[in-house]
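Asker: predicted model, plus sequence, below.
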Amino acid sequence: MIKKADCYYTADDFVELHINENLLRRFRNKKVLYKVTLADYIHSGKNILTFKTTNESDKDSPAGFIAAVKIESMDG
């Protein structure tokens with residue numbers, strides 16, 4: 001049983017967060033570390049967390065992205 005599940009992430013410039021193929025959040029700002037609580041959206045068994053990032057610069061360059069997920073169970 002999940003007690004707490006949080007995801008922290010940011011991207012340059014645009015990022016979408018999907019969980020189990022459902023759009024959860026959409027942000028545009030590379031200077032902010034976002035925190036999203038996942039506990040209400042995950043279930044027992046397999047869960048798929050997907051990020052879509054794009055760099056909206058006029059220059060042809062890759063998007064920067066970083067994320068971390070922290071999950072705490074009821075039994076420790």
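Answerer: Yep, that arrived.

Asker: only C-alpha atoms from now on, for both contacts and neighbour counts.
Answerer: Will do.

Asker: who's in contact with the residue nearest to the spatial centre of the chain?
Answerer: Here the mean C-alpha position of the chain is nearest to the C-alpha of Leu17 (CA atoms, centre = their mean), at a distance of 4.6 Å. The neighbourhood of Leu17, defined by CA atoms under 8 Å, 6 or more residues apart in numbering, consists of Leu23, Leu24, Arg25, Arg26, Leu49, Thr50, Phe51, Lys52.

Asker: make it 6 Å
Answerer: Contacts for Leu17 (CA atoms under 6 Å, 6 or more residues apart in numbering) come out as Leu24, Arg25, Thr50, Phe51.

Asker: can you check Leu24 too?
Answerer: Contacts here follow CA under 6 Å, 6+ apart; on that basis Leu24 touches Leu17, His18.

Asker: one step back: so how do I select the buried members of the contacts of Leu17 in PyMOL?
Answerer: Selecting in PyMOL just the buried members of those, where the criterion is 16 or more other CA atoms under 10 Å, is done with this command:
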select buried, resi 51
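
Asker: can you pick out the most distant pair from the contacts of Leu17?
Answerer: Pairwise distances across these (CA to CA) peak at 11.0 Å, for the pair Arg25 and Thr50.

Asker: ok, Ile48 to Asn20 distance?
Answerer: In this structure, Ile48 lies at 5 Å from Asn20, with CA to CA, to the nearest Å as the measure.

Asker: over to Leu33?
Answerer: With CA to CA as the criterion, Leu33 and Asn20 are 22 Å apart.

Asker: check the closest residue to Asp75 other than its chain neighbours and give its pLDDT.
Answerer: In space, not counting the residues next to it along the chain, Asp75 is nearest to Met1; the distance is 7.7 Å by CA to CA, 6 or more residues apart in numbering. pLDDT, Met1: 81.

Asker: any idea how many residues pack against Met1?
Answerer: Summarising burial for Met1: neighbours were counted as other CA atoms under 10 Å, giving 11.

Asker: also the one 3 residues further on?
Answerer: Counted with other CA under 10 Å, the burial measure for Lys4 works out to 14 neighbours.
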